Structure formats: C-alpha cells, structure tokens
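Asker: coordinates only, sequence not included:
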C-alpha cells in the first residue's frame with residue numbers, strides 16, 4: 001500500500017486520513033501481558049482479557065473468549081473471536097448453522113411469496 005499516493009489523491013479535499021499500524025508486542029512484554037490477560041479471564045473480567053489478548057494476538061486466549069461468548073449464547077461475538085484467533089474448527093460449525101438459518105428464512109420467504 002503506497003500511503004503517499006493515498007495522501008496525494010486526497011490532497012485537494014480538506015479531509016484528514018488517519019493511518020495507524022499497531023505496534024507489535026514482543027518478547028517478555030507479550031508474555032507478561034498474556035499472563036495478565038489470563039489472570040483477568042480467570043477472575044471473570046472477560047472484556048479486559050479480550051482487550052489484552054487482541055493486543056498481543058494471543059490466539060488461544062482469543063479462542064477462549066470466543067468459548068465464553070458461545071456459552072453465554074453470544075454466537076456472533078463468539079464467531080468474531082474465532083475468526084480473529086483464527087480457529088476454523090470452532091468457527092466453521094457456527095458458519096454452517098448460520099447458513100442453515102439463512103436457508104430456512106429464504107425458504108420461508110419463498111413460501112410466503114408463492115402463497116400470496
């Protein structure tokens with residue numbers, strides 16, 4: 001991505017383009033943050049743990065947050081976490097369930113249209 005070209009394209013408009021790249025968290029800092037995230041998760045601060053795990057890109061922690069969301073019937077939130085993890089073994093069944101729901105809804109709509 002050529003950022004200079006992006007800015008040049010919008011030079012005449014009075015707009016502001018915010019471009020950020022998250023700084024990678026590495027080494028002992030990442031390990032310490034993951035430990036803190038695990039501590040938060042175990043204490044029940046799921047949202048705090050989620051923020052830490054997303055910052056460090058700790059896939060196991062992100063997937064566990066997805067498991068928590070799924071246990072609370074927050075299926076879309078769970079799917080998002082599994083996608084970010086990435087954990088296809090957990091996201092794929094949800095995607096298939098959603099596809100079945102969508103098919104049923106479309107079938108119901110077709111039946112209503114036929115009956116009208």
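Answerer: Cool, got the structure. Fair warning: this is a prediction, and the values are worked out from it, not measured in the lab.

Asker: Go ahead and flag the most central residue of the chain.
Answerer: By CA atoms, centre = their mean, the mean C-alpha position of the chain lies nearest to residue 80, the distance being 3.5 Å.

Asker: any idea which element it lies in?
Answerer: If you go by DSSP states H and E, residue 80 is part of helix 75-84.

Asker: who touches that helix?
Answerer: The contact list for helix 75-84 (CB atoms under 8 Å, 6 or more residues apart in numbering) reads 50, 54, 62-63, 65-67, 69-70, 88, 90-91, 94-95, 97-98. C-beta here means a position set from N, CA and C on the backbone, and glycine is covered the same way.

Asker: Just after that helix, pick out the following helix or strand.
Answerer: Counting by DSSP H and E, the next helix or strand C-terminal to helix 75-84 is helix 88-115.

Asker: So for that next one, what gets flagged as buried?
Answerer: Using 16 or more other CB atoms under 10 Å as the test for burial, helix 88-115 gives 90, 91, 94.

Asker: circling back: tilt between the helix holding residue 80 and helix 88-115?
Answerer: 140 degrees (axes from the mean of the first three to the mean of the last three CA atoms, to 10 degrees).

Asker: so how far is helix 75-84 off the chain centroid?
Answerer: In terms of CA atoms, centre = their mean, to the nearest Å, the centre of helix 75-84 is found 5 Å from the chain centre.

Asker: Check stretch 41-61 too.
Answerer: Distance of stretch 41-61 from its chain centroid, counting by CA atoms, centre = their mean, is 12 Å.

Asker: Give me the residues contacting it.
Answerer: 22, 25, 30, 33-34, 36-38, 40, 62, 64-65, 68, 81, 84-87.
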